[in-house]
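1. Curious how this folds, go ahead:
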Amino acid sequence: MTLTIGNSYNDLGAIATDNCDENIKVETDNKVNTKKAGTYIVTYTAVDSSNNKSTKERTIIVKEKATNYYVPAKGNKNIVVNGKKIIYLTFDDGPSDYTGKLLDILKKYNVKATFFVTGFGSDSTIKREYDEGHTVALHSNTHNYSYIYKSLDNYYNDLYKIRDRVKRITGHESNIIRFPCGSSNTVSRKYDGGTHIMSKLVKDVEEKGFHYFDWNVSSGDAGATTSSDKVYSNVVNHLKSDVSIVLQHDSKSYSVNAVEKIIKYGLDNGFTFKALDENSFGAHHGVNN
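-> Numbers count the residues shown, from 1 in each chain. Reported below is the predicted structural model:
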């Protein structure tokens, strides 16, 4: 389990069974300190009536709070990070029939990206994303707003299903997520019964060890934009001089078709391309619900 400093740790406990004894007591040795970063081991010990002993361990990682790649000086919002301008290409709603072509382009230029995947598309494409060094992150299993944003239980039921899919395919349990429509969405108001679910979720997901990412550069491919040239101009004309998290969708052919030009522009103009990790700049939006 991975937590962020300051989060609460609720031990999941352990259950022991025995062929002879019906009730086996389990003792827990828990020294987790959520105020200090580090790796902690919780040990569970079970002893039966014949004094046979068995132990199991759970590893708890407490991490520093995620920080931006940059800390702007007073009055300066455009500091280049160690002389580098960073672009994070991120793609939502896949995998799709167009993702293979996108992976070919990324491989051609040795560029790593981040895929916020869904419950749709082929397992083999997600496996390829992971095997080729991209970050496979979590978007939604159903992408059904009326279900996802109806309640916290529904949201996590959906999230855990897509997390389980990614782990089954890749062997890796991802804790990087993007809310459908972003943390600033207002569509959730239609379905949450006035409970302001997003205000709760942005805090709750981090307490559960997830790291959510919005974006600060939009390609416009989820709206009225249906032209590859327009996707390209929307991205390159709004790149930041420090950290750019670019929102695209690999479910849109015209967006995929713009990627090669975007990469060429970035490389020609001194940008470095990276895939998101848990410590990357989150580009968090203001919450509107």
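2. Remind me what the helix or strand of the chain with the lowest mean pLDDT packs against, helices and strands.
-> Ranking every helix and strand in the chain by mean pLDDT, DSSP states H and E puts strand 2-4 at the bottom, with a mean of 75. If you count contacts as 3 or more Cβ pairs under 8 Å, 6 or more residues apart in numbering; DSSP states H and E, strand 2-4 packs onto strand 53-63, helix 197-207. Just so you know, the C-beta spots here come from the backbone N, C-alpha and C atoms, and that holds for glycine as well.
3. So residue 260 is in contact with residue 105, correct?
-> Yes: Residue 260 is within contact range of residue 105, at 5.0 Å (criterion: Cβ atoms under 8 Å).
4. Those two: which is more packed in?
-> residue 260 (19 against 16; other Cβ atoms under 10 Å).
5. ok now do that one, which residues does it touch?
-> 105, 108-109 (Cβ atoms under 8 Å, 6 or more residues apart in numbering).
6. which SS class is it?
-> Under DSSP: H, G, I helix; E, B strand; the rest coil, the three-state class of residue 260 is helix.
7. buried ones in the least confident helix or strand of the chain?
-> 2-4 (16 or more other Cβ atoms under 10 Å).
8. Same list (these) but as a markdown table, adding distance to residue 272.
-> A markdown table is the format used below for the buried residues of strand 2-4 (distance: Cβ to Cβ, whole Å):
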| residue | distance to residue 272 |
| --- | --- |
| 2 | 26 |
| 3 | 30 |
| 4 | 26 |
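9. Mind jotting down where the helices sit in this structure?
-> Per DSSP state H, the chain has helices spanning 99-108, 123-131, 145-148, 152-170, 197-207, 228-236, 253-256, 259-268. These are given in chain order.
10. In terms of secondary structure, what does the second one contact?
-> The reference is to helix 123-131. Counting contacts by 3+ Cβ pairs under 8 Å, 6+ apart, helix 123-131 is packed against helix 99-108, strand 114-118, strand 135-140, helix 152-170.
11. so which of the ones you listed comes closest to residue 247?
-> Checking these against residue 247 by Cβ to Cβ gives strand 114-118 as the closest, at 9.5 Å.
12. count of residues packed around residue 165?
-> Burial of residue 165, expressed as a neighbour count using other Cβ under 10 Å, amounts to 18.
13. How about it: what's its closest non-neighbour residue?
-> Spatially, and ignoring its direct neighbours in sequence, residue 165 is nearest to residue 119 (6.2 Å; Cβ to Cβ, 6 or more residues apart in numbering).
14. Can you tell me how far the one you found is from residue 201?
-> 19 Å (Cβ to Cβ, to the nearest Å).
15. out of those two, which sits in the busier spot?
-> Ranked by neighbour count (other Cβ under 10 Å), residue 119 and residue 201 place residue 201 first, with 25 against 14.
16. And that one, how close does it get to residue 180?
-> As judged by Cβ to Cβ, residue 201 and residue 180 stand 11 Å apart.
17. Ok, residue 105 next?
-> Between residue 105 and residue 180 the distance is 25 Å, computed by Cβ to Cβ.
18. and if you look at residue 122?
-> 21 Å.
19. Of the two, which one has the most company?
-> Between residue 122 and residue 180, counted using other Cβ under 10 Å, residue 180 has the larger neighbour count: 21 against 15.
20. Where does the prediction get shaky in the chain?
-> For the chain, applying pLDDT under 70 flags the ranges 64-83.
21. which residues sit in contact with the residue nearest the centre of it?
-> Nearest to the centroid of the C-alpha atoms of the chain, with distances taken as Cα atoms, centre = their mean, sits residue 176, at 1.8 Å. Contact partners of residue 176, counting by Cβ under 8 Å, 6+ apart, are 114, 135, 137-138, 210-213, 276-278.
22. With neighbour count and distance to residue 251 added, can I get the residues you listed in JSON lines?
-> Shown next, in JSON lines, are the contacts of residue 176 (neighbours: other Cβ atoms under 10 Å; distance: Cβ to Cβ, whole Å):
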{"residue": "114", "neighbour count": "25", "distance to residue 251": "15"}
{"residue": "135", "neighbour count": "23", "distance to residue 251": "18"}
{"residue": "137", "neighbour count": "28", "distance to residue 251": "15"}
{"residue": "138", "neighbour count": "25", "distance to residue 251": "16"}
{"residue": "210", "neighbour count": "21", "distance to residue 251": "23"}
{"residue": "211", "neighbour count": "22", "distance to residue 251": "23"}
{"residue": "212", "neighbour count": "20", "distance to residue 251": "20"}
{"residue": "213", "neighbour count": "26", "distance to residue 251": "18"}
{"residue": "276", "neighbour count": "24", "distance to residue 251": "19"}
{"residue": "277", "neighbour count": "13", "distance to residue 251": "24"}
{"residue": "278", "neighbour count": "16", "distance to residue 251": "25"}
